[in-house]
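In: Have a look at this prediction, sequence included:
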Amino acid sequence: MASGNHRLQDGLRRVLLAPEDATALEVRGATNAAVLVPLYVDRGRLHAVFTRRHDDLRRHPGEISFPGGRYDEGEPDLTATALREAQEEIGLPRDAVEIVGALQPTPTIATGYAVYPFVGLIDAGRTWTPSANEVAEVLELPLDALLAGYARRRLVRRGVPIRTDTYVVGENLIWGATARILADLFDRIGPLLGDPEAGSRVSPSRSGR
């Protein structure tokens, strides 16, 4: 991890949940799952890494999400699940991630997962190796652009019209559980978006929320 990320690490740890506190929270869902929210700074802007799922997948086809998946029996905890899935889905080595905190877990409405998000810092400029079976594309999107693209929009899913929170950057539409994860992230780290190096100036008042 580049040394320039140390102040950002400190700032994020002040405003994110501790991983052990997040995993103790209960959320509706028959199956526990975890996702990694990989963040990096490039040219003074915070970016997040997402995957676009293949269109022919049975669950969440074509959707944009964070790398992740279900908890496997025998794994030490859900943080390990998130790191394993990120390595399998996008080729991100576990030792290239500095876990700095977690976000509020959220359910997936249609598929019955309880999703636990963990935030990790990585270095910019990585080369990705997408899973041929699951990942159609790896996306790296600036957080300030995602925030600017927020709106409640009318979508049609399985023939049913819904109005829901969404984030759009170019042709990339994020909604559902991933949008809820982003909303919690933005609520916590808002001051960092204008100046990612100003982590030490983030108020600690949201820590452990």
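Out: Alright, I've got the coordinates. Numbering: from 1, shown residues only.
In: all helices for this structure, in order.
Out: 6-15, 19-23, 78-90, 143-148, 176-194 (DSSP state H).
In: Beta-bridge partners for Glu140, please?
Out: Val49 (DSSP bridges).
In: which residues does it contact?
Out: Glu140 sits next to His47, Ala48, Val49, Phe50 when contact means C-beta atoms under 8 Å, 6 or more residues apart in numbering. Glycine gets a C-beta too; all of them are placed from N, C-alpha and C.
In: Give me the pLDDT value at it.
Out: If you check Glu140, the pLDDT there is 98.
In: From Gly120, how far off is the most centrally placed residue in the chain?
Out: By C-alpha atoms, centre = their mean, the mean C-alpha position of the chain lies nearest to Val37, the distance being 3.0 Å. With distances taken as C-beta to C-beta, to the nearest Å, Val37 is found 7 Å from Gly120.
In: likewise Pro93?
Out: Applying C-beta to C-beta, the value for Pro93 to Gly120 is 11 Å.
In: Comparing these two, which residue is more hemmed in?
Out: More crowded of Pro93 and Gly120, by other C-beta atoms under 10 Å: Gly120, with 24 against 11.
In: Provide the partner residues of the more buried one in its beta bridges.
Out: Going by DSSP bridges, Gly120 is paired in beta bridges with Pro38, Ile99.
In: which ones are touching it?
Out: Neighbour list for Gly120: Leu36, Val37, Pro38, Leu39, Ala82, Leu83, Ala86, Val97, Glu98, Ile99, Val100 [criterion: C-beta under 8 Å, 6+ apart].
In: For those residues, give me a markdown table that also has distance to Val15 and pLDDT.
Out: Output for the contacts of Gly120, formatted as a markdown table (distance: C-beta to C-beta, whole Å; pLDDT from 0 to 100):
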| residue | distance to Val15 | pLDDT |
| --- | --- | --- |
| Leu36 | 18 | 98 |
| Val37 | 13 | 98 |
| Pro38 | 17 | 98 |
| Leu39 | 13 | 97 |
| Ala82 | 19 | 98 |
| Leu83 | 21 | 98 |
| Ala86 | 22 | 98 |
| Val97 | 19 | 97 |
| Glu98 | 16 | 96 |
| Ile99 | 15 | 98 |
| Val100 | 10 | 97 |
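In: quick one: which of those has the most company?
Out: When neighbours are counted by other C-beta under 10 Å, Ala82 leads these with 33 neighbours.
In: Could you list the buried residues of the lowest-mean-pLDDT helix or strand in the chain?
Out: One helix or strand of the chain scores below all others by mean pLDDT, DSSP states H and E: strand 150-157, with a mean of 86. Using 16 or more other C-beta atoms under 10 Å as the test for burial, strand 150-157 gives Tyr150.
In: Repeat that for stretch 65-75.
Out: By neighbour count on 16+ other C-beta under 10 Å, the buried set for stretch 65-75 is Ser65, Phe66, Pro67, Gly68, Gly69, Tyr71.
In: Right, I'll call it a day here.
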